[in-house]
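Engineer: no sequence on hand, only this structure:
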């Protein structure tokens, strides 16, 4: 049957769907898989800029659905990584320009050619969300450890279960270890306790995400930061590898622990 | 000291603890689509229905939504004052 279709969704906006889609797509491609990332956020196109492919767009998803071009013509090849492609959303249309069946048809055409199809869902729970989840074989819900984001994530978990598309798995994004330690941020266990779904991975807050988005180079392509490691781990889990959940504890910066660290190193 | 405060409840809960308890409460109502107002109506109707059969302590009655994983449960804890004397 070919590709596995994975939809990244969240309910709330601004929690990291597009960043996660870009990085997981790149990480899977770097692991040798044939990957296409589809931006399903019609009218608010962004996956192209996060991936740094905005200058190469000729056709988009709506053009494909409306038959204005062939699917192959809308596939943008990422020149940095072998086997990584992207299909951009239309910018001048709205979410009603496509329907769930269109997404299913597009994915069915892509399945034989790829190992993974990642769909970047729009925020919200309306038509755009329904389009994005319609072809999904599995759904990843991304949230940050904030009350509003977790509440919206829970709503989406419920909708996905009601549609028989579950169980969804969770990516917990932008965790700040220091805030958790001083009791000012929900931690992984708290969020899992509340949402009661399977954890796919955690991603620590990391400034390199902003830098990489500025440059249009997903962090995994540069392979240094904590966030990059976190996305690699998640990609590995999507491939069925058994990778332990990342430890969040940052090395403490007190003089005592620095000495302890030096002794341990020697 | 921390334990003392914890045991005697004088410790101010951290914002993380507040966030978690607020979330749990709001989600359990979101999931079953039952607002606190509707819960009050349900409670009142339960009282009037059950009172037809046994005398209950309406003040001491507890109706709450709880959750176990993603399974929600409506729990009513209803103290009975005195069963009507048979005979």
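Structural biologist: Cool, got the structure. Everything numeric here is computed off the predicted structure, so don't read it as measured data. Numbers count the residues shown, from 1 in each chain, chains lettered A, B, ... in the order given.
Engineer: got a pLDDT number for the closest residue to residue B:58 other than its chain neighbours?
Structural biologist: Distance criterion Cβ to Cβ, 6 or more residues apart in numbering or on different chains; nearest residue to residue B:58, sequence neighbours excluded, is residue B:47 at 5.0 Å. From N, CA and C alone the C-beta is placed, and that goes for glycine too. pLDDT, residue B:47: 91.
Engineer: I'd assumed residue B:62 was in contact with residue B:47.
Structural biologist: No. Counting by Cβ atoms under 8 Å, residue B:47 stays clear of residue B:62, with 12.0 Å between them.
Engineer: which one of those two has more residues nearby?
Structural biologist: residue B:47 (16 against 10; other Cβ atoms under 10 Å in any protein chain shown).
Engineer: need the pLDDT of the residue of the stretch 151-266 of chain A at minimum distance from chain B.
Structural biologist: Relative to chain B, the nearest point of the stretch 151-266 of chain A is residue A:183 (3.0 Å; Cβ to the nearest Cβ). Per-residue confidence (pLDDT) for residue A:183: 96.
Engineer: can you map out the strands along the stretch 51-200 of chain A?
Structural biologist: For the stretch 51-200 of chain A, applying DSSP state E, counting those that start in this stretch gives strands covering A:76-77, A:84-87, A:116-120, A:138-143, A:169-175, A:198-204.
Engineer: for chain A, give me the ranges with low pLDDT.
Structural biologist: A:1, A:223, A:250-266 (pLDDT under 70).
Engineer: residues of it that sit close to chain B?
Structural biologist: A:146-147, A:150-151, A:154-155, A:157-158, A:161, A:180, A:182-187, A:190, A:193-194, A:196-197 (Cβ under 8 Å from any Cβ of the partner chain).
Engineer: mind listing what's buried in the host helix or strand of residue B:46?
Structural biologist: Taking DSSP states H and E as the definition, residue B:46 sits inside helix B:36-51. Using 16 or more other Cβ atoms under 10 Å in any protein chain shown as the test for burial, helix B:36-51 gives B:39, B:46, B:47, B:50.
Engineer: the last one against residue B:63, yeah?
Structural biologist: No. Here residue B:50 does not reach residue B:63: they are 11.2 Å apart, not a contact under Cβ under 8 Å.
Engineer: what residues are shared contacts of the two?
Structural biologist: With Cβ atoms under 8 Å, 6 or more residues apart in numbering or on different chains applied, the contact sets of residue B:50 and residue B:63 do not overlap.
Engineer: looking at the strands of the stretch 51-200 of chain A, which is buried most?
Structural biologist: For the strands of the stretch 51-200 of chain A, the largest average neighbour count (mean count of other Cβ atoms under 10 Å in any protein chain shown) is found in strand A:116-120, namely a mean of 27.
Engineer: just checking, what packs against that strand?
Structural biologist: strand A:4-9, helix A:17-30, strand A:35-39, helix A:100-110 (3 or more Cβ pairs under 8 Å, 6 or more residues apart in numbering or on different chains; DSSP states H and E).
Engineer: distance from the last one to the middle of the chain?
Structural biologist: It stands for helix A:100-110. 20 Å (Cα atoms, centre = their mean, to the nearest Å).
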